[in-house]
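fold the following for me, if possible:
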Amino acid sequence: MDLTTPTVYVPTLNGGENLAACLEALSVQSVEIEVVVADNGPGEGCSELLKSSFPSVTRVSFGGHNLGFGTALNRAVTTEGQGPIIFLNDDAVPDSAFVENLLVGWNEGETAMVAGVLLKSSSPTVVDSAGIRCDRTLTAWDHLTGEPATRLEVASDPLGPTGGAALFDRVAFETIGGFDERIFLYYEDLDLALRMRMAGYSCRLARAARATHESSATLGRRAAAKYRRTGFSRGYLLRKYGIMAHPGLAIMTLISDGSASLAQLLHDRTAAGLNGRIEGWQAGRDIVPIDPPFELLEPPSLRRHMRVRLNRRRY
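Take a look at the predicted model:
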């Protein structure tokens, strides 16, 4: 296979119909690709699916252990594939020219990150994510989420791609060490984008690289398990990037995250988000804090924080 042939990496836990639909769409891409499934699942369901229906797809398994999103993809990238790296969620169904359009974005100018577009499966004319935006408290949100797809025509480039639909230059990805493996799930793509930016790499939005996506298909949109995972990643990143050492940012973070945890406690009857934040903060205690690229991040706004969280609950 030519060295420029892209490899698409699909992480999966449950496999099943979602994975099958994703792989079926990848089998009819307009350009040649290699497909690797990073199987975090405990059983043989994924293996049997690939053997029976997708024999050309390579499976990387981890002995039935769930390593988490970033760690599993790091292992798969190291073990299999060549050429540019493409990450795609197993609950996403890409258009036939999805990979081709990502490659166009990669080849136009010197860029190491390309953000694909995820459209809501329940309403394919509405954007689920067109990459990551972030402010100086490291509060992140999906670029153009909830907006009509027509907005893509004039959309700006995001800070970085979402891990569910992304292209990375392989050399750049390997140079910075891939995903931070202390993050099990959620915001690992934000951390990767920050480190890529700090290394001098840029991101481009591939407006025509589109896939439909069923958001939070694995854990559920308002599940306690999701709140714990997002909380852990949030607490860990706040400590990793030294946000609480900046008084103004620290105050805004305490107000914003405190209100989010209170809302989860009152509306969803769970303190999982708060507990996750504490666990994540403790997990980063041995890290020497680093300053994120503040000049590339947006000014913080409590009003925007509330709007972002309301959108997450709605969608």
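
use CA for all of it now, contacts and neighbours both
OK.

off-centre distance for stretch 223-234?
14 Å (CA atoms, centre = their mean, to the nearest Å).

count of neighbours near Leu265?
Leu265 has 15 neighbouring residues, counting by other CA atoms under 10 Å.

again, but for Ser122
By the measure other CA under 10 Å, the count of residues near Ser122 is 11.

quick check: phi and psi on the nearest residue to it once chain neighbours are set aside?
Take Ser122 and drop its neighbours on the chain: the residue closest to it by CA to CA, 6 or more residues apart in numbering is Glu214, 7.6 Å away. Backbone geometry at Glu214, expressed as degrees, to the nearest 10, gives phi -100, psi 100.

again, but for Arg207
Per degrees, to the nearest 10, the backbone of Arg207 is at phi -60, psi -30.

excluding residues flanking it in the chain, which one is nearest it?
That would be Leu152: by CA to CA, 6+ apart, it lies 5.9 Å from Arg207.

all strands for the stretch 201-315 of the chain, in order.
203-213 (DSSP state E, counting those that start in this stretch).

so where is the protein shaky, pLDDT-wise?
Across the chain, the ranges flagged by pLDDT under 70 are 1-3, 108-109, 216-222, 312-315.

walk me through the domains of it.
Annotated domains of the chain cover 7-213, 224-314 [automatic domain parsing].

quick check: end-to-end length of stretch 106-115?
10 Å (CA to CA, to the nearest Å).

ditto for stretch 19-35
End-to-end distance of stretch 19-35: 12 Å, with CA to CA as the criterion.

still on that earlier bit, so which of the domains of the chain is the most packed in?
domain 7-213 (a mean of 21; mean count of other CA atoms under 10 Å).

chain center to that one: distance?
Remark: domain 7-213 is offset 7 Å from the chain centroid, using CA atoms, centre = their mean.

again, but for stretch 203-215
So, by CA atoms, centre = their mean, the centroid of stretch 203-215 is 12 Å from its chain's centroid.

just stretch 266-273 next, same as before
24 Å.

just the CA atoms of that stretch, as CSV, please.
What follows is stretch 266-273, C-alpha atoms only, in CSV (Å, rounded to 0.1, in the frame of the first residue of the first chain):
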residue,chain,number,x,y,z
LEU,A,266,-30.5,18.7,41.3
HIS,A,267,-31.8,17.6,37.9
ASP,A,268,-30.1,14.2,37.5
ARG,A,269,-29.6,13.2,41.2
THR,A,270,-25.9,12.5,40.8
ALA,A,271,-22.7,13.9,42.1
ALA,A,272,-20.7,11.9,39.6
GLY,A,273,-19.5,15.0,37.8
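
before we move on, back to that, could you report the neighbour count for the residue nearest to Ser122?
Glu214, neighbours per other CA under 10 Å, totals 18.

so it touches Ser121, yeah?
Yes. Applying CA atoms under 8 Å as the test, Glu214 and Ser121 come out as touching, 5.5 Å apart.
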